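A.B. asks: After the sequence you'll find the predicted model.
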Amino acid sequence: MKRLTRIAGTLMIVAGLGTLAWAVAVWQWQDPFTAVVNEYEQRGLEQSFERSLAPRGAAATAVVAADPKALRAQLAREAKAWRAQLERGDAVARLRIPALGVNEIIVNGTDTDSLKRGPGRYLKSGVPGEGELVYVAGHRTTYGAPFSHIDRLKAGDRVFVELPYATYEYRITGHRIVDATEVSVLKSKGIEQLALQACHPRFFATQRWIAYAKPVRVTPAGAAAETTLALG
């Protein structure tokens, strides 16, 4: 009986240490188990997105220097066409946030299944180039935790969104913390703005941390670096 008690005690200690190690891993990084699921899904999204990157920037390159207004109009048309063809679960864009080490494919949709695959675009928001709110949500502790450290973003940090028709560079302007039930943040104000949203605080879903960014420049797909157009 004493031996069984010692064995049970040892197993409980091992289980406790394992639980503690898991909690520390999640707090410092993310849930390693759901991360595997996310990595698999991201590979599929990456392949799908790469197939969409056909050469499309020649016309834009030709007009950028001569008529920036015409380029904006052209990109707006391409953005609208791109959003119209997207279905829930599709790969939308590649999101890069150097300050956080984020390099993820954005999935179309913010439902539970979509967010397991990666950061998701709210379906009623726009895509870069349309001149509207672009709203992207992501997990902080599970499924790759792309926005694990969203609270570390500071004004001036760069965010890049690559699409089949152009790559947009944004700069962080600030953040808000709102209740999870606050839906007004989903409404566009009629200007181009990127919103990155995650649950707040970590491990809870009572509030939302939203980091906002404004567009500063755009490079048409297939264009050389010198054809980058300043925005704002």
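C.D. replies: On my side now, so go ahead. Numbers count the residues shown, from 1 in each chain.
A.B. asks: any chance you could map the helices in the protein?
C.D. replies: 2-28, 32-52, 58-64, 68-85, 112-117 (DSSP state H).
A.B. asks: could you give the mean pLDDT of the last one?
C.D. replies: The reference is to helix 112-117. The pLDDT scores in helix 112-117 average 96.
A.B. asks: go on, the third one?
C.D. replies: Mean pLDDT, taken over the full extent of helix 58-64, equals 50.
A.B. asks: what do you get for the first one?
C.D. replies: For helix 2-28, the mean pLDDT works out to 49.
A.B. asks: Look up which residues are beta-bridged to the closest residue in space to Gly156 that isn't next to it in sequence.
C.D. replies: Residue nearest to Gly156 in three dimensions, not counting chain neighbours: Arg171, with 5.8 Å by C-beta to C-beta, 6 or more residues apart in numbering. Heads up, the C-betas are built off the backbone N, CA and C, glycines and all. Beta-bridge pairing of Arg171 under DSSP bridges involves Arg158, Lys214.
A.B. asks: quick one: contacts for Arg171?
C.D. replies: Neighbouring residues of Arg171 by C-beta atoms under 8 Å, 6 or more residues apart in numbering: Ala155, Gly156, Asp157, Arg158, Val159, Ala213, Lys214, Val216.
A.B. asks: Tell me the pLDDT of it.
C.D. replies: Per-residue confidence (pLDDT) for Arg171: 98.
A.B. asks: And it, how close does it get to Pro98?
C.D. replies: 12 Å (C-beta to C-beta, to the nearest Å).
A.B. asks: most centrally placed residue in the protein?
C.D. replies: Central residue of the chain (C-alpha atoms, centre = their mean): Pro119, 4.2 Å from the mean position.
A.B. asks: Give me the pLDDT value at Pro68.
C.D. replies: 83.
A.B. asks: Relative to Leu229, how far out is it?
C.D. replies: Taking C-beta to C-beta, one finds Pro68 at 5 Å from Leu229.
A.B. asks: List of residues touching stretch 87-94?
C.D. replies: Contacts to stretch 87-94, defined as C-beta under 8 Å, 6+ apart, come from residues 45-46, 48-49, 52, 86, 103-109, 111, 113-114, 117, 121, 123, 127-128, 160-163.
A.B. asks: what about that stretch, distance to the chain center?
C.D. replies: 11 Å (C-alpha atoms, centre = their mean, to the nearest Å).
A.B. asks: Going forward, the N-terminal residue is numbered 87.
C.D. replies: Yes, from this point I'll number from 87; that puts the last item at stretch 173-180.
A.B. asks: Ends of it, what's the gap?
C.D. replies: End-to-end distance for stretch 173-180, by C-alpha to C-alpha, to the nearest Å: 16 Å.
A.B. asks: what's the nearest residue to the residue nearest to the centre of the chain if we skip its chain neighbours?
C.D. replies: Gly224 (3.6 Å).
A.B. asks: And for the one you found, the neighbour number?
C.D. replies: By the measure other C-beta atoms under 10 Å, the count of residues near Gly224 is 25.
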